[in-house]
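> here is a sequence with its predicted model. Questions after.
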Amino acid sequence: MTVARLAIFSDVHANLEALEAVFRDLDHQHVDRVLHLGDVVGYNASPCEVIDLLMERNVHGVQGNHDVAALDLDLAEGFNMLAYHAILYTRQQLDAHHVEYLSGLPFSLLLEGQFLLFHGSLESVNTYIANMYQAKRAFNFMRRQLPFVRIAFFGHTHVPKVWSRNSQGKIRALPLTKEPIILRSDEMYLINPGSVGQPRQKDSRAHYLIVDIDAMTVQFRSVEYNITLAQAKILRAKLPEFLATRLAEGI
Ligand SMILES: [Fe+2]
């Protein structure tokens, strides 16, 4: 099947209500394939339901730092108390088939021979691309390791972003618009769709991205969801209260 339109999202973090809202929106977007950039679990209360929905919708993706920590607690060593608490909860919830789904996620994915997907950076699931210097390092790493790749998608920061690198090596963050952003054929891009389940740019909606391969555009989309219900589940699961309050603030 030729893939013309892709949906890409990241950092669902066990937020079922946010993921369901994204799928409701996606049902009107005529996409051929849906992919995620890791951190399926962690922080919020519905890891099993989220994995079941991803499996039902045939959504493949890459591993995030919370996904690998849910499989091996030693990898949660650097986590803060909130994240650590949620990983302990997640590990209690998961059944064998959930573990199998998380274990099957690769570190990175190459799509259509031209799009690269990873969670943090190409160096590790824990590395952030959050500023100009980190973007420069990531572009350089990509140019050395995978010189045929021009466009990569990443998550981990929970903040939507498009970094571009022109042929002179100049790096800049593009202004994010509601309209599709045109990707030039002579530039490289590092693109972050933001987070579905725990956005941190003070916009509490669930965020994702549509890639139109024929038009070579990316379009950021944001959808409202039932935050109150997601919060109630967090409190019912006896997870730290701040994990509930932060959802409403988008932090
Ligand atoms: Fe995350």
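On my side now, so go ahead. Numbering: from 1, shown residues only.
> for the residue in the chain that the ion sits nearest to, phi and psi?
Per Cβ to the ion, residue 39 is where the chain lies closest to the ion, at 3.6 Å. No exception for glycine: its C-beta is placed from N, CA and C like everyone else's. Residue 39 adopts backbone torsions of phi 60, psi 60, taken as degrees, to the nearest 10.
> was I right to think it contacts residue 67?
Yes: between residue 39 and residue 67 there is a contact under Cβ atoms under 8 Å: 6.3 Å.
> okay, these two: which has more neighbours?
Taking neighbours as other Cβ atoms under 10 Å, residue 39 and residue 67 compare with residue 39 leading, 32 against 25.
> contacts only, for that one.
10, 11, 12, 13, 64, 65, 66, 67, 119, 155, 156 (Cβ atoms under 8 Å, 6 or more residues apart in numbering).
> could I get the contacting residues of residue 214?
If you count contacts by Cβ under 8 Å, 6+ apart, then residue 214 has residue 4 around it.
> follow-up on the earlier one: ok, of the contacts of residue 39, which come out buried?
10, 11, 12, 13, 64, 65, 66, 67, 119, 155, 156 (16 or more other Cβ atoms under 10 Å).
> once you drop chain neighbours, what's closest to the first one?
Read that as residue 10. Nearest non-adjacent residue to residue 10, counting by Cβ to Cβ, 6 or more residues apart in numbering: residue 155, 3.0 Å away.
> assumed that neighbour was part of a strand.
No: under DSSP: H, G, I helix; E, B strand; the rest coil, residue 155 sits outside any strand and is assigned coil.
> surely it meets residue 198?
No: the pair residue 155 and residue 198 fails to qualify as a contact (Cβ under 8 Å) at a distance of 11.0 Å.
> show me whatever sits in contact with both of those two.
Joint contacts of residue 155 and residue 198 (Cβ under 8 Å, 6+ apart) are residue 11.
> next one: phi and psi at residue 111?
phi -110, psi 130.
> list the residues that contact the closest residue to it other than its chain neighbours.
Nearest non-adjacent residue to residue 111, counting by Cβ to Cβ, 6+ apart: residue 117, 6.4 Å away. When contacts are counted by Cβ under 8 Å, 6+ apart, residue 117 touches 8, 35, 37, 61, 62, 108, 109, 110, 111, 152, 153, 154.
> repeat that for residue 153.
Taking Cβ under 8 Å, 6+ apart, one finds 8, 10, 37, 115, 116, 117, 118, 190, 191, 192, 193, 209 in contact with residue 153.
> try it again at 6 Å.
With contact taken as Cβ atoms under 6 Å, 6 or more residues apart in numbering, residue 153 is in contact with 8, 37, 117, 191.
> neighbours around the second one, how many?
The one in question is residue 37. 29.
> repeat for the one 10 residues further on
Using other Cβ under 10 Å, residue 47 has 30 other residues around it.
> now it: how far from residue 204?
According to Cβ to Cβ, to the nearest Å, residue 47 and residue 204 sit 21 Å apart.
> now swap in residue 138 and tell me
Where residue 204 is concerned, residue 138 sits at a distance of 28 Å (Cβ to Cβ).
> do residue 32 as well
On the measure of Cβ to Cβ, residue 32 and residue 204 end up 29 Å apart.
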